[in-house]
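In: With the input below, show me the fold.
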Amino acid sequence: MTPADTPADTPVDTAADAPLRRTLPRIPDRFAAVGAVLIVLVVLATVLAPWLAPYPLDELRPADGLLPPSAAHWFGTDNVGRDVLTRVLYGGRTSLFIAVAVLAGSALVGVTLGVVAGYAGGWARDVIMRVTDVFLAFPALLLSLALAVVLQPSVTTVIVAIAVTWWPWYTRLSASVAASIATRAYVDAARCLGAPAPLIILRHVLPNSLTPVLVQLSLDAGGVILTAAALSYLGLGAQEPTAEWGLMVEQGQSLFTTNWWVVTFPGLAILVTAFAFNVLGEGLRNALDPRRIVS
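Out: Residues are numbered from 1 along each chain as shown. This is a model prediction of the structure:
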């Protein structure tokens, strides 16, 4: 169809519109924006917990046990009279700390090994990837459970147990990206100029390998929070008097039919936070995927 044949109500792209069209796919969708807002609110609520919490964290009031939500206790109280809202706020600190620690450790180990494997190739890649395959052969949750059973139940145990099973995914991801970058012209030029391999990795390969890793981190945050909550729910993670969402769900499950608020609000906190990270990760992946860019 020629411009003359184009209907009058059909918009015609001009040269000035092309740059705009190329940038539009990079804008996160509305769900990603909602996820980002929810994450900011959750982080702010947990960071400001000492100022937002209406009661001290471990203040016991047995006479006020199992009070329903009210003006005095917005989320009600648990069986020993502790304010549920206060514990949800402080529990978010524990859950987010576990997620940050697991993802930071997993990314540090996984990306380092993956970039070395992807750039070096040969026997180094074979050794690193075979070790990675051994860890990937086991279901992540099952391996985390096995490690948590062996170790003493604590927040540190949860971090170690999950991180040990999470780093192989970053190794495999960064290795494939680094292997592609290692064949680029600017990397070959750096080799020809005599730049040492560590410098090439730090200045060229690693920075250009981080975009898919950042997207994967945002997608994995929700999964780490869910896994940590599962371990604490099973008694293998955080212990009393630590406030942690999974532990709070376990403590309130027997009261669900009679005192629903004890288990519902920490469960909603897990659900909302995991949902927010998932939709944010999907939005980032859609925005940063070059195959979605209109040429």
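In: All the strands of the stretch 101-250 of the chain, residue numbers only.
Out: According to DSSP state E, counting those that start in this stretch, the stretch 101-250 of the chain carries no segments that qualify as strands.
In: Model confidence at the most centrally placed residue in the chain, what's the number?
Out: Using CA atoms, centre = their mean, the residue of the chain that lies closest to the mean C-alpha position is Ala221, 1.3 Å off. Model confidence at Ala221, expressed as pLDDT, equals 93.
In: list the contacts for it?
Out: 99, 103, 277, 281 (CB atoms under 8 Å, 6 or more residues apart in numbering). In this view, the C-beta of every residue, glycine as well, is placed from N, C-alpha and C.
In: Distance check, the first one against Gly222.
Out: According to CB to CB, to the nearest Å, Ala99 and Gly222 sit 8 Å apart.
In: rewinding a little: now intersect the contacts of Ala221 with the helices, please.
Out: 99, 103, 277, 281 (DSSP state H).
In: Which of those residues scores worst on pLDDT?
Out: Gly281 (87).
In: For it, which non-adjacent residue is spatially closest?
Out: Computed as CB to CB, 6 or more residues apart in numbering, the closest residue to Gly281 that is not its neighbour in sequence is Leu219, at 3.4 Å.
In: tell me which helix or strand of this structure sits lowest on mean pLDDT?
Out: helix 17-23 (a mean of 42; mean pLDDT, DSSP states H and E).
In: Could you check how many residues crowd around the spatially closest residue to Leu210 that is not a sequence neighbour?
Out: Of all residues not flanking Leu210 in the chain, Val111 sits nearest, at 7.7 Å (CB to CB, 6+ apart). By the other CB atoms under 10 Å criterion, the neighbourhood of Val111 contains 22 residues.
In: and Val111, what does it touch?
Out: Neighbours of Val111 in contact, by CB under 8 Å, 6+ apart: 170-171, 174, 206, 209-210, 213.
In: ok, of those residues, which come out buried?
Out: 170-171, 174, 206, 209, 213 (16 or more other CB atoms under 10 Å).
In: So which bits of stretch 182-196 are buried?
Out: In stretch 182-196, counting by 16+ other CB under 10 Å, buried: 182, 187, 190.
In: how far away is the residue nearest to the last one when sequence neighbours are not counted from Leu219?
Out: Nearest in space to Ala190, with sequence neighbours left out and distances taken as CB to CB, 6+ apart, is Ile200 at 5.0 Å. Summarising the geometry, the distance separating Ile200 from Leu219, computed by CB to CB, is 29 Å.
In: Looking at those two, which one has more neighbours?
Out: Using other CB under 10 Å, the more surrounded residue of Ile200 and Leu219 is Ile200, with 20 against 17.
In: So the more buried one is in contact with Ala189, correct?
Out: No: assessed by CB atoms under 8 Å, Ile200 is found out of contact with Ala189, at 10.1 Å.
In: what's around the residue lying closest to Val116 once chain neighbours are set aside, how many residues?
Out: Counting by CB to CB, 6+ apart, Ala124 is the residue found nearest to Val116 once chain neighbours are left out, at 6.4 Å. The local packing of Ala124 (other CB under 10 Å) involves 14 other residues.
In: and if you look at the one 10 residues further on?
Out: Counted with other CB under 10 Å, residues neighbouring Val134 total 10.
In: Number the residues from 12 up from this point.
Out: Okay, using 12 as the starting number, the last item reads as Val145.
In: Local confidence estimate at it?
Out: 91.
In: what sits against Arg296?
Out: 226, 230.
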